[in-house]
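K.L.:
Quick one: sequence plus predicted model below, questions after.
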Amino acid sequence: MTDVIEGLGRIVGQQHVITDKQKSAIYTEEPRGRYASDCLAVVLPETTEEVAEIVKFCGQQNLALVPQGGNTGAMGGAVANKDQLIVNFKRLNKIIEVNPTDYTMTVQAGCILANIQETAKRHDRLFPLSLGAQGSCQIGGNLATNAGGINVLHYGNTRDLVLGIEVVLSNGKISHGLNALRKNNTGYDLKNLFIGCEGTLGIITAAVLKLFPYPKGQVVSLTGLESIDSGVALLSRLKFASSDRLTTFELMSQIAVETAVKHIHGQTDPFDKPYPWYILAIVHSSEQDSHLKHHIEDTLATALGDGLIKDAVIAQNQTQAQRLILLREDIVEAQKFIGGSIKHDVSVPVSKVSEFMAHAYRTVKAFMPNALPYPYGHLGDGNIHFNISQPADMGKEKFLENWKAINTLMHDITHDYQGSFSAEHGIGISKLDEMDKYKDQTEMELYRQIKKLLDPKGLLNPGKMLR
Ligand code: S2G
Ligand code: ZN
């Protein structure tokens with residue numbers, strides 16, 4: 001143990017090797033409180049070369065390591081045990097270059113997502129990855145899990161926002177793949193193999209990100225609807241009305257909005273009466289485009305007139321826009337006020353969302369009549385967080401004992417609708433059973449062969465993603 005700690009200290013400086021349990025607590029705290037985590041030590045490298053030296057050293061010591069970003073992941077992807085090393089990238093946090101002409105930004109893995117967004121904005125550019133944890137998650141973690149968020153509809157997942165990556169391999173070699181070209185058709189697409197691998201094939205230490213024109217204007221609206229079907233119809237109307245500049249199309253259930261209004265300070269009911277469903281829609285425009293706003297207003301007015309939607313409000317200024325966007329953020333936090341929540345991160349084809357949710361609702365209610373479905377999410381790309389809140393007549397612990405049983409019900413239904421049991425949060429240790437149960441076995445065999453090739457000693461984030 002002492003040799004290991006001293007050996008790591010020689011690489012990063014002893015003060016950046018944490019063994020004290022109190023000091024390492026922030027790194028071993030699992031965000032959803034579902035898994036215990038521990039570690040031999042936490043090490044905080046400042047350069048890619050230090051990461052490479054750490055990996056080499058771990059290889060010599062046969063020491064497993066768990067790469068960790070902001071530790072905001074929902075799937076247990078960054079939990080460790082007492083014999084493993086947590087390598088946290090908070091010191092590897094330089095913005096290497098911003099190139100407004102090329103619309104690129106080169107960043108190190110430890111950069112906080114919100115800092116990347118703000119840096120882009122200062123250059124009149126947009127880095128569109130946007131999700132609840134952006135104030136503390138690191139881009140390295142977003143890359144490792146191919147994070148989604150609320151702008152996938154128009155800008156894609158993290159994979160779609162990256163031109164090149166630098167990776168430290170399990171043998172300590174550095175793959176210098178910081179490509180900044182839009183077209184570079186040379187060799188296999190290693191970038192997209194490492195993005196989303198959750199640190200199990202290699203450690204992403206830097207990336208060249210795509211930037212976009214900063215939207216000078218945005219049209220933010222909230223609508224009240226009676227059905228998901230009308231929401232899906234509205235999606236198409238707004239796609240056409242905005243010339244496909246619809247960036248965000250988020251669904252909120254009545255229980256979610258009511259719970260946020262009731263428990264989150266400052267939240268108010270957006271309409272004068274409740275509706276079964278609400279949609280937050282955001283359209284980006286690069287110019288202060290009043291025509292676009294009028295066009296969206298006309299589209300919503302027509303939808304009101306023909307009964308597709310029951311109410312609508314369009315933000316008249318940035319303050320009103322922020323309030324509507326905050327409502328979507330607050331429904332996540334609000335779940336905690338009504339007890340335990342069994343989470344889902346599923347996606348189905350948009351055309352099947354309505355039927356899927358009705359089926360899911362019936363199935364959960366048949367299994368646990370007093371359970372409270374609390375669905376919300378990214379209707380625009382078919383990704384629904386069909387979370388289930390605890391029944392009023394059941395204790396939290398007792399309720400959460402049903403996590404696996406309810407997950408199985410939900411994931412079976414998702415599979416029946418040709419959906420995915422993990423749309424954006426990744427696999428970690430939470431969905432290993434699902435990988436074995438639902439994934440094509442030929443693909444799983446390929447995954448294992450790739451893991452064996454790229455991590456022959458099995459030291460890179462062992463037990464995550466694959467058994
Ligand atoms: C969302 C956030 C994570 C969660 O709000 O879209 O991805 O716990 C989620 O639901
Ligand atoms: Zn989400």
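P.N.:
That came through fine. Predicted, not measured: the structure shown is a model, and the values here were computed from it. Ligands and ions are numbered 1, 2, ... in the order given.

K.L.:
C-alpha only now, for contacts and for neighbours.
P.N.:
Noted.

K.L.:
Can you tell me the centre-most residue of this structure?
P.N.:
Nearest to the geometric centre of the chain sits residue 147, at 3.8 Å (Cα atoms, centre = their mean).

K.L.:
what's that residue sitting at in phi/psi?
P.N.:
Main-chain dihedrals, residue 147, degrees, to the nearest 10: phi -60, psi 160.

K.L.:
Ligand 1 contacts on the stretch 351-467 of the chain?
P.N.:
For the stretch 351-467 of the chain, the contact set with ligand 1 under Cα under 6 Å from any ligand atom comprises residue 377.

K.L.:
tell me which element residue 223 falls in.
P.N.:
Counting by DSSP states H and E, the element that carries residue 223 is strand 217-225.

K.L.:
ditto for residue 229
P.N.:
Using DSSP H and E, residue 229 falls in helix 228-241.

K.L.:
relative to strand 217-225, how tilted is that helix?
P.N.:
Counting by axes from the mean of the first three to the mean of the last three Cα atoms, to 10 degrees, helix 228-241 points 160 degrees away from the direction of strand 217-225.

K.L.:
Report the rounded mean pLDDT for helix 228-241.
P.N.:
Across helix 228-241, the average pLDDT comes to 98.

K.L.:
And for stretch 11-18?
P.N.:
On average, stretch 11-18 scores 98.

K.L.:
quick one: contacts for the residue nearest to residue 157 when sequence neighbours are not counted?
P.N.:
Spatial nearest neighbour of residue 157, excluding adjacent residues (Cα to Cα, 6 or more residues apart in numbering): residue 148 at 4.9 Å. By Cα atoms under 8 Å, 6 or more residues apart in numbering, residue 148 lies in contact with 129-131, 156-158, 424-425.

K.L.:
What about these, which one has the most neighbours?
P.N.:
In terms of neighbours by other Cα atoms under 10 Å, those top out with residue 158 at 26 neighbours.

K.L.:
mind listing what it touches?
P.N.:
Residue 158 touches 129, 142-143, 146-148, counting by Cα under 8 Å, 6+ apart.

K.L.:
Report how many residues lie close to residue 410.
P.N.:
So residue 410, with other Cα under 10 Å, has 24 neighbours.

K.L.:
Would you mind giving the secondary structure of the residue nearest to residue 157?
P.N.:
coil (DSSP: H, G, I helix; E, B strand; the rest coil).

K.L.:
Any figure for the gap between it and residue 299?
P.N.:
Distance check for residue 148 against residue 299: by Cα to Cα, to the nearest Å, it reads 28 Å.

K.L.:
now residue 121
P.N.:
For residue 121, the distance to residue 299 - Cα to Cα - is 30 Å.

K.L.:
returning to what we had before: how about the contacts of residue 158 in CSV, adding pLDDT and distance to ligand 1?
P.N.:
Shown next, in CSV, are these (pLDDT from 0 to 100; distance: Cα to the nearest ligand atom, whole Å):
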residue, pLDDT, distance to ligand 1
129, 98, 12
142, 98, 12
143, 98, 15
146, 98, 12
147, 98, 9
148, 98, 8
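
K.L.:
Show me which residues of stretch 352-359 are buried.
P.N.:
For stretch 352-359, the neighbour count (16 or more other Cα atoms under 10 Å) marks 352-354, 356-357 as buried.

K.L.:
Cheers, nothing more for now.
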